[in-house]
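Trainee: Sequence and predicted structure are below.
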Amino acid sequence: MENISKCLPINGTDYVEFYVGNAKQAAHFYQSAFGFQPIAFAGLETGLTDRVSYVLKQDKITFVLTGALTPDSEVAVHHKKHGDGVKVIALWVDDATKAFEDTTSKGAEVDFEPITKSDDNGKVVLSSIKTYGETVHTFVERKDYNGIFMPGFIEWKPEYQPEDTGLLYVDHIVGNVDWNEMDKVASYYRDVMGFEQLISFDDKDISTEFTALKSKVMANDNMRIKFPINEPAKGKKKSQVEEYLDFYMGSGPQHLALATDDIVATIDALRKRGVDFLHVPDTYYDNITDRIGEIDEDIEVLKRNKILIDRDDKGYLLQLFSKPVEDRPTFFFEIIQRKNAVSFGKGNFQALFEAIELEQQSRGTL
Ligand code: FE2
């Protein structure tokens, strides 16, 4: 008999697809500012009539930037409501049909049924289920495919190929969900995907004088997929999660954490190329070694680059958060370097919240 608690086999994040207002310009931003390499394209030239997609890659991270060609395109409708944001968190599996059957039989809502796409380089099987908000998980089976991305895309090789910034893979993807939705979404990942809960925080752990949040971290069995799920908690003022929900018009992906093995070089490169990060006050580094102990890096170098440090019982991590990367104060990036730590920087949430409150104050949304 099948063990129902068994985790859905997932090899890793396949790609992350953003629905944006202008895919051509967004693709340029990810090339010039983040150092992603152009890989593939689909649009009018490949027979699409309602959308265009640019595919970019940096080491194991693949982004798809998709924009609408017509006002009634699903992409345009999504963009009108949410602004630029993540629509698809695609998961790399060995069997997309089985992944679909497993998850839908346990209650996942269907986004689309399994479909096989073929070209001269082989075939890719795709299927897709819904998750929080209007976000979807597309299962991608690519073991019989040798092309650059997937059938339906052509190679995109412009002369402009800026240097990378040392980003390696997706470490985790955080979802912000509506009031009282966190437990429901966490149960969805447990019951439908077989994920386990790694950690939970509540407003006693993460709050300032003004704002608070609750969070549960759900992960698959090989730990390549980690989805912290946040919901707002009552505070004196509006929290960053509430601000997100107001501007994204509901639940959606809040941030993508991208891993590097040299965070000082990566942050330096990103800053020089125009990526804005949250302000970290100098006082954050006062007595920092008392809190986190000895580390390999020079504290002065971390202080100069405004990089945050946190420790758990396995090791420590270095991290920093960008400002939102689109017009609405919604989605942002985290850059993370793990030195054996498996946690998410809870010790930094206080400093982070205070920094975000300053930003909210300047937007008039606190
Ligand atoms: Fe994070």
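Mentor: Thanks, I have it.
Trainee: Every contact and neighbour count from this point should use C-alpha atoms.
Mentor: Noted.
Trainee: Residue 114 and residue 326, how far apart?
Mentor: In this view, residue 114 and residue 326 are 33 Å apart by Cα to Cα, to the nearest Å.
Trainee: Ignore what I typed, I meant residue 39.
Mentor: Per Cα to Cα, residue 39 is found 23 Å from residue 326.
Trainee: So for these two, which residue has more residues nearby?
Mentor: Per other Cα atoms under 10 Å, whichever of residue 39 and residue 326 has more neighbours is residue 39, with 21 against 15.
Trainee: In the stretch 251-366 of the chain, what residue spans correspond to helices?
Mentor: 263-272, 288-292, 299-304, 346-363 (DSSP state H, counting those that start in this stretch).
Trainee: buried sites along the second one?
Mentor: The neighbour-count criterion (16 or more other Cα atoms under 10 Å) identifies residue 292 as the buried residues of helix 288-292.
Trainee: export it as PDB, just CAs?
Mentor: This file holds the C-alpha atoms of helix 288-292, laid out as PDB (Å, rounded to 0.1, in the frame of the first residue of the first chain):
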ATOM      1  CA  ILE A 288      28.000  41.400  17.000                       C
ATOM      2  CA  THR A 289      30.600  38.700  18.100                       C
ATOM      3  CA  ASP A 290      28.800  38.400  21.400                       C
ATOM      4  CA  ARG A 291      25.700  37.300  19.600                       C
ATOM      5  CA  ILE A 292      27.100  35.200  16.800                       C
END
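Trainee: Residue 73: what's it in contact with?
Mentor: If a contact means Cα atoms under 8 Å, 6 or more residues apart in numbering, then residue 73 has 50, 51 as its contacts.
Trainee: actually residue 274, not the one I typed
Mentor: Residues counted as contacts of residue 274 (Cα under 8 Å, 6+ apart) are residue 33.
Trainee: Tell me which of the helices of the stretch 251-366 of the chain lies nearest to residue 154.
Mentor: Between residue 154 and the helices of the stretch 251-366 of the chain, the shortest gap by Cα to Cα is with helix 263-272, which sits at 28.7 Å.
Trainee: hmm, who's touching the closest one?
Mentor: Residues from elsewhere that reach helix 263-272 (Cα under 8 Å, 6+ apart): 33-34, 165-167, 260, 277, 301-302, 305, 307, 318-319, 335-337.
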